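> sequence and predicted structure, then a few things I'm wondering about:
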Amino acid sequence: MFEIETARLRLRPFAPDDLDALVALRSRAEVVQYIGGATQTREFIEQRLRFYISCYEQYGFGMSGVVQKPDRKLIGWCGLQPLEDSGEIEVGYGFDKPYWRQGFAFEAAAAWLKYGFEHAGLKRIVAVTMPENEGSWRVMEKLGMHFEKRARHYNLECLFYAIAREEFQPNNSFYALHN
């Protein structure tokens, strides 16, 4: 498996032993308020972790743990995965509250968009967020994604954004890949 490294972050595949750290992160109400916080039981998170790991096996990419370089602490998640049964691949992200508004979501998501278009050969990547999650849709817009519609995903009313490969403006400093 590979890791992606950005200026400040390591994006590494999740492993089964990440369960406790992921449960701790996703047990914080403010962290999951826009992703269906009521469903964030240990069993649900364990199921999601298995899904994240299976995506790497099936697609060669998936949701990754986001680790800040200096202290190697898990501060969030970001990656590419199938958007339910839509046939689309989404970029998704979530961070612990102390790491909000510091550009980490943009930095990690931009690296994954670049990977998806340049290495995975994706033609289009989407993202969804609840309408009241202004921080998330602002990240999507900064990435160059455009609003397409309102849709229901993950049992939530969502804003649906997308970007095509030819629309993406990569910055070569987004990341380095490590095997």
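Everything's here; your move.
> give me the helices and strands touching the lengthiest helix in the chain, please.
Determined from DSSP state H, the single longest helix within the chain is helix 42-59. Applying 3 or more CB pairs under 8 Å, 6 or more residues apart in numbering; DSSP states H and E, we find helix 42-59 packed against strand 9-13, helix 19-26, strand 63-68, strand 74-82. C-betas here are computed from N, CA, C, even on glycine.
> hmm, who's touching it?
For helix 42-59, the external contacting residues (CB atoms under 8 Å, 6 or more residues apart in numbering) are 1, 13-16, 18-19, 22-23, 26, 61-64, 77, 79-82, 89, 120.
> can you pull the buried residues of that helix?
Neighbour counts using 16 or more other CB atoms under 10 Å place Ile45, Arg48, Leu49, Tyr52, Ile53, Cys55, Tyr56 of helix 42-59 among the buried residues.
> same deal with stretch 78-96?
Here stretch 78-96 shows 78-81, 83, 88-96 as buried, counting by 16+ other CB under 10 Å.
> coming back round to it: okay, the helices and strands packed on helix 42-59 in a markdown table with distance to Ala151 and mean pLDDT next?
A markdown table is the format used below for these (distance: least, CB to CB, whole Å; pLDDT from 0 to 100):
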| stretch | distance to Ala151 | mean pLDDT |
| --- | --- | --- |
| strand 9-13 | 27 | 95 |
| helix 19-26 | 23 | 92 |
| strand 63-68 | 20 | 95 |
| strand 74-82 | 15 | 95 |
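> please identify the most buried of these.
Of the helices and strands packed on helix 42-59, the one with the most neighbours on average (mean count of other CB atoms under 10 Å) is strand 63-68, at a mean of 24.
> just how off-centre is that one within its chain?
Chain-centre distance of strand 63-68: 9 Å, with CA atoms, centre = their mean, to the nearest Å.
> list the contacts of that strand.
The contact list for strand 63-68, computed with CB under 8 Å, 6+ apart, reads 3-4, 8-14, 18, 21-22, 52, 55, 73-81, 92-93, 95, 99, 104, 108, 112.
> thinking again about what came up before, give the rounded mean pLDDT of the longest helix of the chain.
The average pLDDT within helix 42-59 is 93.
> could you measure from Lys23 over to Val66?
Small correction: residue 23 is Val, not Lys. According to CB to CB, to the nearest Å, Val23 stands 16 Å off from Val66.
> oh sorry, the question was meant for Arg50
Going from Arg50 to Val66 by CB to CB gives 19 Å.
> how about Arg152?
On the measure of CB to CB, Arg152 and Val66 end up 27 Å apart.
> likewise Leu143?
Taking CB to CB, one finds Leu143 at 16 Å from Val66.
> now swap in Phe44 and tell me
Relative to Val66, Phe44 is positioned 20 Å away (CB to CB).
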